[in-house]
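Trainee: Provided below for reference: sequence and predicted model.
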2 protein chains.
Amino acid sequence: MTDRPAAAANTPPATLIAGMGARARRVAAVLAGMPTATKAGALVEAAAAIRAASATILAANATDMARADAAGLSGAMLDRLRLDPGRVAAMADGVAAVAALADPVGQLIDSRTRPNGLALSRVRVPIGVIGIVYESRPNVTADAAALCVMAGNAVILRGGSEAAHSNRAIHAAFASGLAAAGLPVEAVQLVATTDRAAVGAMLAAAGLIDLIIPRGGKGLVARVQADARVPVLAHLDGINHVYVDASADPAMAEAIVLDAKLRRTGICGAMETLLIDRAWPHAAQLIAALVGAGCAVRGDADARALVPAIAPAEPADWDTEYLDAIAAVAIVDGAGAAIDHIARHGSHHTDAIVAEDPALAERFLAAVDSAIVLWNASTQFADGGEFGLGAEIGIATGRLHARGPVALEGLTTYKWIGRGTGQVRG
Amino acid sequence: MTDRPAAAANTPPATLIAGMGARARRVAAVLAGMPTATKAGALVEAAAAIRAASATILAANATDMARADAAGLSGAMLDRLRLDPGRVAAMADGVAAVAALADPVGQLIDSRTRPNGLALSRVRVPIGVIGIVYESRPNVTADAAALCVMAGNAVILRGGSEAAHSNRAIHAAFASGLAAAGLPVEAVQLVATTDRAAVGAMLAAAGLIDLIIPRGGKGLVARVQADARVPVLAHLDGINHVYVDASADPAMAEAIVLDAKLRRTGICGAMETLLIDRAWPHAAQLIAALVGAGCAVRGDADARALVPAIAPAEPADWDTEYLDAIAAVAIVDGAGAAIDHIARHGSHHTDAIVAEDPALAERFLAAVDSAIVLWNASTQFADGGEFGLGAEIGIATGRLHARGPVALEGLTTYKWIGRGTGQVRG
């Protein structure tokens, strides 16, 4: 059921992607004008189809798990790959939740009437064709497809080979839901080959694919960013800082720092570096609290003078995304030094200040050049759901189009519409 | 005065651009936080400095003109290169006009307070470092610099070698104005070498330059789009259509078509293809009016059946940007066929419908996937000034970040700011 015809597997990747891109472009023109209720209804059907196909999806996943286990994949990778009835149900719920989000397509951004009477407006339109390149988590198949379709885009999915059976089963269910609702199934296409050259063909497909979104580890994102001729929305690193100012409340600082570092250490919003104002009298207690909570701390000379038990930080520590229970700690001379440190070492993802002084906090919020800057809140809020966006397709640290958590609006662009009564330039 | 030290000319282009990029990045951090009045005041000073340096600029331009004339440049290229006292004054006026525009930096895009009390807002911030690669028109030196600085960006300018003396003189005046206002002169840097490898170094400067904007002919834009590793904002073609519907008013259709094609034939907003609904009874008169106004018309078989004197259109005509008094004309079966034709042959720049039927016009406005879609107005309105944006840095036909006329807002991006009271994810 989930295997594709041999013909697809034998097609050269560039030809395969060109054909998929052309089909996606045709369908994108249909999706762009589709009413919200139609798109939402199709996602509700897709969610139901995923629930109904749970046994098939779990059987396919068992095949992937057995192969991955035999291939010696790590426990963390196996966990990312694994589905169970609860995870399949959560995936279906996620698709249904996207159907309930506000549709950005058609929204009026602004309007103006010129002195000559020409009425101009900017309205949101879908981007067109989105390519998703992802790794072992099979739920991305459903999550990304739902967000792209709700924003009126056609999507081309290329998952990891280790999840090939799972992805095909999820995609087949999703597509059957779209078909049941009368949507063209080419709205969501899955690249049928596990040939890695297909990824290269997607990255080179300027004009066929409008935007590539990689979902996975740093190696995948780095490859996509290096090779793509198509615009990419992504983040490579989350080297996030918390700066604790002289005016910080000690209890709040400890709660925020422990949450930012340790709530979940493997997510891109986790704090990696703690910067403490030299004038704050509670630095030793805060560092000790981190250590006491199970965090390995690497400090600069001033931090080690306060807590000699911690390890020395090497220069590379300030540029490292640990994604683990490790933190680098530096004592700095006030907010200006913290801002400078973040400018030199940060990755423009999420940085926070803990301070009671509002003027100083506002200075930090203005000066730190990151997609997300927080005052008196944990960096672990860097998440589309927490931002009230409903869901996210990813977090972007680039400077153009969309920054921070990217959800439905980030999957749209705009066009100018002018309504006249015969105006000419003359 | 306008020549640079020999050292700069001997520096390898990649090293030169790396140094300029690092200086630009440092200055961008200063510009990002600069009050509107400071930026505007600096532009007023720069405008005054250009006016005061008019004789120096004209002398430098005379050197460029003499060399270009000796090198056998075409009359059109010489006209683009030529400055006179009126053009220098207009350039200064343009810089002063940008100073009067609304500053997008710091604008609140939207805000929301989460159930946990975290107050999130999105605010406009500058993009950072913009690279402008342009050809013979020396006024771009001042125009582009003014727009970039007003939006808080540092800019690296690389003009054409044929305009090198003019560009240096304009840049020197502009920089002296910035300095007089207390702005760092590195806010606007001019690449001092005419080595073409410097353009390649700019296009490769991901991380140093955030956005490249090419200004010039199709050859320049195509090279930049093909080679750039940095995001590019541009348009390659303006293959713009006017569709005249069965419901069109004949007098309005003729006025719009003649203006769209012939007001200025060399601009990117000019109409290249005219599509006429078979059911409209005035097609022969409209084609004859185009011919009578001096336009060479190339028609499909149905158009030639109406006006036998016109030339036959070849297949390539539907994909050609003439930038001349030439138009391709096709008779189509209604708005659906026109929309299909534009989807196949258009360049996503500017397309227009002439129609009295509002429902049909709205269908066209929704379905045509171009940066600008107009109803009952000339395509020659595709211009930032005409859109009320004050000025434009260019027109973009890509799908991301900014589309259509790009002015100050298109030279900004946003960041998320969150103000909390100690919120943790927990």
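Mentor: The structure has been received and is ready for your questions.

Trainee: Would you mind finding the longest helix in chain A?
Mentor: Using DSSP state H to define each element, chain A has its longest helix at helix A:13-32.

Trainee: can you list the residues that contact that helix?
Mentor: For helix A:13-32, contacts defined as Cβ atoms under 8 Å, 6 or more residues apart in numbering or on different chains pick out A:8, A:11, A:39, A:105, A:125-126, A:128-129, A:149, A:152-156, A:183-184, A:186-187, A:189, A:191-193, A:195, A:197-198, A:200-202, A:204-205, A:208-209, B:343, B:367, B:369. Heads up, the C-betas are built off the backbone N, CA and C, glycines and all.

Trainee: Which residues of the stretch 201-350 of chain A lie near chain B?
Mentor: A:210, A:211, A:231, A:249, A:252, A:255, A:256, A:258, A:259, A:260, A:263, A:343 (Cβ under 8 Å from any Cβ of the partner chain).

Trainee: Kindly recompute the last result at 7 Å.
Mentor: Within the stretch 201-350 of chain A, the positions lying close to chain B (Cβ under 7 Å from any Cβ of the partner chain) are A:210, A:211, A:231, A:252, A:255, A:256, A:259, A:263, A:343.

Trainee: Among those, which ones are in helices?
Mentor: Using DSSP H, those in helices are A:252, A:255, A:256, A:259, A:343.

Trainee: quick one: the first one from residue B:420, how far?
Mentor: To residue B:420, residue A:252 is 9 Å away according to Cβ to Cβ, to the nearest Å.

Trainee: anything in contact with each of these two?
Mentor: Counting by Cβ atoms under 7 Å, 6 or more residues apart in numbering or on different chains, the residues touching both residue A:252 and residue B:420 are residue A:376.

Trainee: tell me the secondary structure for residue A:366?
Mentor: What DSSP: H, G, I helix; E, B strand; the rest coil gives for residue A:366 is helix.

Trainee: Pull the contacting residues for it.
Mentor: Residue A:366 sits next to residue B:33 when contact means Cβ under 7 Å, 6+ apart.

Trainee: Residue A:347 versus that one, what's the distance?
Mentor: Per Cβ to Cβ, residue A:366 is found 19 Å from residue A:347.

Trainee: same deal with residue A:367?
Mentor: 16 Å.

Trainee: Check residue A:37 too.
Mentor: For residue A:37, the distance to residue A:347 - Cβ to Cβ - is 40 Å.

Trainee: Show me which of these two is the more surrounded one.
Mentor: Using other Cβ atoms under 10 Å in any protein chain shown as the criterion, residue A:37 and residue A:347 rank with residue A:347 on top: 21 against 10.

Trainee: about what we covered before: now for the residues of the stretch 201-350 of chain A next to chain B: which two are most distant?
Mentor: Across those, the longest distance by Cβ to Cβ is 43.5 Å; it joins A:210 and A:252.

Trainee: Have a look at these two and say which one is more surrounded.
Mentor: Taking other Cβ under 10 Å, residue A:210 and residue A:252 do not tie; residue A:210 has more neighbours (25 against 20).

Trainee: For the more buried one, which non-adjacent residue is spatially closest?
Mentor: residue A:128 (4.3 Å; Cβ to Cβ, 6 or more residues apart in numbering or on different chains).

Trainee: now residue A:81
Mentor: Spatial nearest neighbour of residue A:81, excluding adjacent residues (Cβ to Cβ, 6+ apart): residue A:136 at 4.7 Å.

Trainee: same question, residue A:170
Mentor: Among residues not flanking residue A:170 along the chain, residue A:141 sits closest, at 4.4 Å (Cβ to Cβ, 6+ apart).

Trainee: pretty sure the one you found contacts residue A:157?
Mentor: Yes - applying Cβ atoms under 7 Å, one finds residue A:141 in contact with residue A:157, separated by 5.9 Å.

Trainee: Name the residues contacting each of the two.
Mentor: By Cβ under 7 Å, 6+ apart, the residues touching both residue A:141 and residue A:157 are residue A:171.
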